[in-house]
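Asks: My questions are about this predicted structure, shown below with the sequence.
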Amino acid sequence: MSDDVGSVVAAIRDAQRITAICHESPDGDTLGAALAIALVAERLGKEAEVVAGDPIPPFLAFLPRVERVRTEPRLEPDVALIVDAGDLARTGSVARDHADWLARATLVNVDHHVSNPRFGAVNLVDPTAAATCEIVALLLPELGIALDAELATCLAAGLVQDTHTFAHPNATPRTLRIAADLVKAGARLSEINRAIYADKPFPTLRLWGLMLAGIQDLAAGRIIHAAMTLAMLTETQNDASASEGFVDLMGLTKGADIILLFKEAEPKRIRISVRTSDRADAVAITSQFGGGGHARAAGCTVEADLDEARTRVLAACERELARGDAGGH
């Protein structure tokens, strides 16, 4: 844990109103952490809200109190606590549309991305944590808060999603000890896993079929990439959240060192998810396009059409493979 634990605890204790803010395209880690922060704040007698600029994916509807999440802030908070955002821009419309509102609050940045520039007035960034929910779980004793089933479920969602149910190498002994505590407190890991990684609606499987049909390889199979287009979403009657988990399916490809999913968010705005083996650095690729994340999982957004974005990012991937082959890792 970072030396800033005390500062984060003090900021939460001293505040009367706290807004917990998710990153755009919210996942289980940012939502679980934000909902947990709001629950903790209310137990401490504070007024709290949770804000996410983008809609909540249907697969996260099981999260306790998820119905409280707002797309627009209503409080005038003492503390704006941003969770799981690699930089301020990652909060999407919250940062774009509410800059003056954010400037009036003390900005607290709690995150686990190695690329985080520590943009808050108070920062707690721990890249050794598998998920931001792991960091929040470690804050609870410092705040004098005991786990219950609601808190445990929120926090377990982040651990399950960011470790792919503890299958990824980022799941450390500490992660597993925390997971055990969450289970003891009432988190049902098997049900959380099913909600996030199974129970796919039929339209989602149709979308995945279209993406699989267009999958391509490069560099003798070491780079695997696919795309999700707006036309695919229209044809299958899905929104962009239906792509969640597809990049993990692509990761089953034998011999692949770099996996990419290009997602058309708008006609000239492409979001890219990147996964790598230990022979390539995902952050080294995405940072060239203003993105970030972790060495094995990162993302970025390119303001271009799909073909141009694909050309530029794949060229960066080939350079990264060459660097790794030359002993750059």
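Replies: Cool, got the structure.
Asks: which stretches of the stretch 51-200 of the chain form helices?
Replies: With DSSP state H, counting those that start in this stretch as the criterion, the stretch 51-200 of the chain has helices at 93-97, 99-103, 132-143, 149-163, 173-184, 189-197.
Asks: And the fourth one, how far out from the chain middle?
Replies: Distance, stretch centre to chain centre, for helix 149-163: 13 Å (C-alpha atoms, centre = their mean, to the nearest Å).
Asks: buried sites along that helix?
Replies: Residues 150-163 are the ones in helix 149-163 that count as buried (16 or more other C-beta atoms under 10 Å). All C-beta atoms are positioned from the backbone trio N, CA, C, and that covers glycine.
Asks: Let me know the next secondary structure element after the helix or strand of the chain with the lowest mean pLDDT.
Replies: In the chain, the helix or strand scored least confidently by mean pLDDT, DSSP states H and E is strand 292-293, which has a mean of 91. Using DSSP states H and E, the helix or strand that follows strand 292-293 in sequence is strand 297-302.
Asks: Give the pairing partners of that next one; include direction for each.
Replies: Using DSSP bridges, strand 297-302 pairs in its sheet with strand 269-276 (antiparallel), strand 292-293 (antiparallel).
Asks: angle of it against helix 149-163?
Replies: Orientation note: strand 297-302 sits at an angle of 80 degrees relative to helix 149-163 (axes from the mean of the first three to the mean of the last three C-alpha atoms, to 10 degrees).
Asks: quick check: mean pLDDT across strand 297-302?
Replies: Average pLDDT, strand 297-302: 95.
Asks: let's number from 735 now, not from 1
Replies: Okay, residue one is now 735; in that scheme the one you just asked about reads as strand 1031-1036.
Asks: Name the next helix or strand downstream of that strand, please.
Replies: Criterion used, DSSP H and E; the element after strand 1031-1036 is helix 1040-1059.
Asks: That following helix to strand 1003-1010, inter-axis angle?
Replies: Using the same axes, to 10 degrees: helix 1040-1059 against strand 1003-1010 is 20 degrees.
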